[in-house]
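**Student:** give me coordinates for this.
(chains A and B)
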Amino acid sequence: GNSVTQMEGPVTLSEEAFLTINCTYTATGYPSLFWYVQYPGEGLQLLLKATKADDKGSNKGFEATYRKETTSFHLEKGSVQVSDSAVYFCAPYNNAGNMLTFGGGTRLMVKP
Amino acid sequence: DTGVSQDPRHKITKRGQNVTFRCDPISEHNRLYWYRQTLGQGPEFLTYFQNEAQLEKSRLLSDRFSAERPKGSFSTLEIQRTEQGDSAMYLCASSLGGGLGETQYFGPGTRLLVL
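**Tutor:** Below you'll find the predicted structure:
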């Protein structure tokens, strides 16, 4: 099955700083790749996704590029806001098993 | 589109009791998933349904756990003889399955505490 390694948090940044959250995975074949976000007190929400190599997913200023060669899907944002404070989960989709495999999550704290 | 709903949102029970959770998926979605999330961890897959058929079960799903989706709409997850280790957030998700990059939409979860 799939496995995911995410950088451990918490990541603490000042507002308007640049954000990178690393994610690497192991998988059979070429899974679709997802980033989900969990804001305090809320459920998991899809942030962005990419379905094939070199695809770039983007949403709300966040971006991630499907890198087949390095089996990575790092999340980036050029200028974070306090409202981006949340836990971020990287998750490849196992086409064979029909399931998402989640990383352990990275907590982001953005200070004004 | 009202999203995925789960009931109850919180459940406190004593060890050895049975509990049942309900999930109502997005109405046109044919796939329904259950995950479990413990504090500080990512969600772990438990099981999934396509329509009323349960097609995949994780080894995490011991014989004390049973899930049903009798009419291919809502689903229930029952835990029998609860143990303290069952304390977790139980998440339900649904999707319109079959395509590349299908997106799973998650409900708010049911938080279970076993005393």
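
**Student:** backbone dihedrals for residue B:84, please?
**Tutor:** Taking degrees, to the nearest 10, you get phi -60, psi -30 for the backbone angles of residue B:84.

**Student:** can you tell me which residues contact it?
**Tutor:** B:15, B:114-115 (Cβ atoms under 8 Å, 6 or more residues apart in numbering or on different chains). Quick note: C-beta positions are derived from backbone N, CA and C, even for glycine.

**Student:** helix, strand or coil: sort out the residue of chain B found nearest chain A for me.
**Tutor:** Relative to chain A, the nearest point of chain B is residue B:42 (3.2 Å; Cβ to the nearest Cβ). The three-state label given to residue B:42 by DSSP: H, G, I helix; E, B strand; the rest coil is coil.

**Student:** give me the neighbour count for the closest residue to chain B within chain A.
**Tutor:** Residue nearest to chain B within chain A (Cβ to the nearest Cβ): residue A:102, separated by 3.2 Å. Residues near residue A:102, counting by other Cβ atoms under 10 Å in any protein chain shown, number 23.

**Student:** what pLDDT does the model give it?
**Tutor:** Note on residue A:102: pLDDT of 93.

**Student:** now it, nearest residue through space, not along the chain?
**Tutor:** residue B:42 (3.2 Å; Cβ to Cβ, 6 or more residues apart in numbering or on different chains).

**Student:** what residues does chain B have near chain A?
**Tutor:** Within chain B, the positions near chain A by Cβ under 8 Å from any Cβ of the partner chain are B:31, B:33, B:35, B:40-45, B:48, B:55-56, B:58, B:91, B:93, B:97, B:100-109.

**Student:** where does pLDDT dip in the chain?
**Tutor:** Defaulting to chain A. Applying pLDDT under 70 to chain A picks out residues A:97.

**Student:** please refer instead to chain B.
**Tutor:** Looking at chain B by pLDDT under 70, you get B:1, B:98-100.

**Student:** re earlier: looking at it, the residue nearest to residue A:102 is touching residue A:103, isn't it?
**Tutor:** Yes. In this structure, residue B:42 is within contact of residue A:103 by Cβ atoms under 8 Å, at 5.4 Å.

**Student:** show the contacting residues for residue B:37.
**Tutor:** Contacts of residue B:37 by Cβ under 8 Å, 6+ apart are B:43-44, B:88-91, B:109.

**Student:** contact residues of chain A facing chain B?
**Tutor:** Going by Cβ under 8 Å from any Cβ, the residues of chain A near chain B are A:4, A:32, A:34, A:36, A:42-46, A:49-52, A:89, A:91, A:93, A:97-105.

**Student:** out of the residues you listed, which end up buried?
**Tutor:** A:4, A:32, A:34, A:36, A:43-44, A:46, A:49-51, A:89, A:91, A:93, A:97-105 (16 or more other Cβ atoms under 10 Å in any protein chain shown).
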